[in-house]
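Colleague: no sequence for this one, just the structure:
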């Protein structure tokens with residue numbers, strides 16, 4: 001989930017040219033036209049979860065998302081939920097880098113090292129929450145096909161927007177994204193879960209680019225440790241703000257001499 005403009009040492013960010021408005025067909029197509037190397041978008045992601053009748057209190061995650069040829073290739077994000085001064089995470093391809101801004105006495109780093117590298121499948125997508133993907137054209141078009149209301153809305157990123165809203169079932173999302181999974185057991189949303197819904201809202205500019213994406217849904221609480229007084233599901237909502245579409249983004253890994261592999265750390 002600081003300042004709205006994120007200036008990071010490893011990410012050189014300046015505003016670049018936007019896609020031509022006369023080439024835009026729909027929001028999915030507009031976003032795909034933005035996915036070109038050397039460009040990206042700024043994001044602010046707010047999310048929360050309701051557990052045992054109470055909503056979690058979280059800070060927004062802020063940063064930049066870098067584009068490649070038709071896909072997301074890198075992210076540089078700062079999360080203020082895991083540490084007082086925030087945690088910075090860079091993902092490039094399948095490699096992640098986490099900055100240890102403050103020494104951790106329980107897991108000290110070698111002298112001169114401030115970054116820990118991980119081999120993990122980075123979450124290189126542009127999403128509001130778990131299920132509302134903006135970077136997957138099939139999913140975004142399926143979501144927009146369930147629109148029930150449209151009306152003029154607020155100004156975001158300096159652009160007047162139209163609010164589209166509706167809801168879509170897990171079954172409909174799974175149909176266009178067979179890899180979709182839910183719950184702690186990471187299962188397909190079939191059977192009794194097929195009819196569960198994601199409520200959504202999209203604020204779309206005249207250039208058809210999404211400037212804000214909100215979603216709310218419930219996921220099954222199917223962990224083996226669930227107690228009898230716990231609800232059988234958790235409720236989530238997520239609010240993603242996007243700005244400076246087409247900005248120039250160059251997300252680079254931190255200096256090699258400042259990094260240490262996680263596998264080389266002694267627990």
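Modeller: Perfect, I can see it now. As the structure is a prediction and not an experimental result, all values here were calculated from the model.

Colleague: What mean pLDDT does stretch 258-267 get?
Modeller: For stretch 258-267, the mean pLDDT works out to 78.

Colleague: what residues are up against the spatially closest residue to residue 113 that is not a sequence neighbour?
Modeller: Spatial nearest neighbour of residue 113, chain neighbours left out: residue 260 (4.4 Å); criterion: Cβ to Cβ, 6 or more residues apart in numbering. Where C-beta positions appear, they are placed from N, C-alpha and C, glycine not excepted. Residue 260 sits next to 109, 110, 113, 115, 116, 117 when contact means Cβ atoms under 8 Å, 6 or more residues apart in numbering.

Colleague: what bridges to residue 260?
Modeller: Residue 260 forms beta bridges with residue 116, as assigned by DSSP bridges.

Colleague: Same question for residue 88.
Modeller: In beta-bridge terms (that is, DSSP bridges), residue 88 pairs with residue 78, residue 99.

Colleague: can you count the residues close to it?
Modeller: 23 (other Cβ atoms under 10 Å).

Colleague: All the strands of the stretch 51-200 of the chain, residue numbers only.
Modeller: Counting by DSSP state E, counting those that start in this stretch, the segments of the stretch 51-200 of the chain that form strands are 54-55, 61-67, 72-79, 87-92, 95-99, 115-119, 127-128, 132-133, 147-156, 159-169, 197-205.

Colleague: what sits up against the fourth one?
Modeller: Contacts to strand 87-92, defined as Cβ under 8 Å, 6+ apart, come from residues 8, 10-11, 73-80, 96-99, 101, 122-124, 251-254.

Colleague: I'd like the mean pLDDT over that strand, please.
Modeller: Per-residue pLDDT over strand 87-92 has a mean of 90.

Colleague: same check, this time on the third one
Modeller: Computed over strand 72-79, the mean pLDDT rounds to 93.

Colleague: One more: the first one?
Modeller: With pLDDT averaged residue by residue, strand 54-55 scores 79.

Colleague: And residue 144, how far from residue 128?
Modeller: Distance of residue 144 to residue 128, given as Cβ to Cβ, to the nearest Å: 13 Å.

Colleague: who has more neighbours, the two?
Modeller: Each of residue 144 and residue 128 has its neighbours counted (other Cβ under 10 Å); residue 128 has more, 29 against 17.

Colleague: check contacts around the more buried one.
Modeller: The neighbourhood of residue 128, defined by Cβ under 8 Å, 6+ apart, consists of 45, 134, 200, 213, 214, 215, 238, 239, 240.

Colleague: And the residues you listed, which is closest to residue 38?
Modeller: Residue 38 lies nearest to residue 134 out of the contacts of residue 128, by Cβ to Cβ, at 19.6 Å.

Colleague: who touches the closest residue to the closest one other than its chain neighbours in this structure?
Modeller: Distance criterion Cβ to Cβ, 6+ apart; nearest residue to residue 134, sequence neighbours excluded, is residue 126 at 4.5 Å. The contact partners of residue 126, taken as Cβ under 8 Å, 6+ apart, are 31, 41, 43, 65, 72, 133, 134, 135, 242.

Colleague: And residue 38, by the same measure?
Modeller: 16, 67, 248, 249, 250.

Colleague: Surely the second one and residue 35 touch.
Modeller: Yes. Because the distance of 4.5 Å satisfies Cβ atoms under 8 Å, residue 67 is recorded as touching residue 35.

Colleague: Could you check which of these two is surrounded by more residues?
Modeller: Comparing residue 67 with residue 35 by other Cβ under 10 Å, the one with more neighbours is residue 67, at 24 against 20.

Colleague: pLDDT at the most centrally placed residue in the chain, what is it?
Modeller: Computing the C-alpha centroid of the chain and ranking residues by Cα atoms, centre = their mean puts residue 127 first, at 4.4 Å. Per-residue pLDDT puts residue 127 at 92.
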